[in-house]
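Participant: what follows is a predicted protein model with its sequence.
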Amino acid sequence: MYNENNIFAKIIKGQIPCEKVYEDKNVLFFNDINPMAKIHVLGIPKIFCVDFSDFILKSEDSIVSDFFKKTEMVIDTLGIRETGYKIFSNSGVNGGQEVPHFHIHILGGEKVKL
Ligand code: 5GP
């Protein structure tokens, strides 16, 4: 069950500020407040979904495709396509997810120690 009071829902609604990297009508990419590498960007779809599975199961194919195409575009914009990066998404208790709105982590800018 999606809880609209989570921090990323508030960021989407503009109720909490963030350092935006890229935004359009479907997606938002912004800097993580507690970076684990020189570059640590979070990417979220604006559709309200709890985790990866919820996003895939409730979204049109075009929305899913758009999200991952935009993720690659942001990777290029960050200048880390050639040097490499790590992308991942935590889900649920066993995945160690803290914020219950689907998000992808993009880490790079240095050798990522994870
Ligand atoms: P999770 O553990 O859910 O995969 O990751 C949540 C991430 O959100 C963490 O890396 C954490 O630093 C980041 N985060 C939590 N609250 C905020 C916030 O208010 N603003 C930003 N920009 N990042 C946040």
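Facilitator: Looks like it came in fine.

Participant: and the residue most central in space within the chain, its phi and psi?
Facilitator: Nearest residue to the geometric centre of the chain (C-alpha atoms, centre = their mean): residue 43, 2.1 Å. Phi and psi for residue 43, reported as degrees, to the nearest 10, are phi -120, psi 130.

Participant: quick check: bridge partners of it?
Facilitator: residue 29, residue 104 (DSSP bridges).

Participant: please tell me how far it sits from the ligand.
Facilitator: 11 Å (C-beta to the nearest ligand atom, to the nearest Å). Every residue, glycine included, has its C-beta placed from N, CA and C.

Participant: then residue 103?
Facilitator: For residue 103 relative to the ligand (C-beta to the nearest ligand atom), the value is 6 Å.

Participant: same question, residue 64
Facilitator: Distance of residue 64 to the ligand, computed by C-beta to the nearest ligand atom: 19 Å.

Participant: what of residue 70?
Facilitator: From residue 70 over to the ligand the distance is 18 Å, taken as C-beta to the nearest ligand atom.

Participant: and the helix or strand harbouring that residue, what does it pack onto?
Facilitator: Residue 70 belongs to helix 61-77 when assigned by DSSP states H and E. Counting contacts by 3 or more C-beta pairs under 8 Å, 6 or more residues apart in numbering; DSSP states H and E, helix 61-77 is packed against strand 20-23, strand 27-31, strand 39-45, helix 52-58, strand 85-88, strand 104-108.
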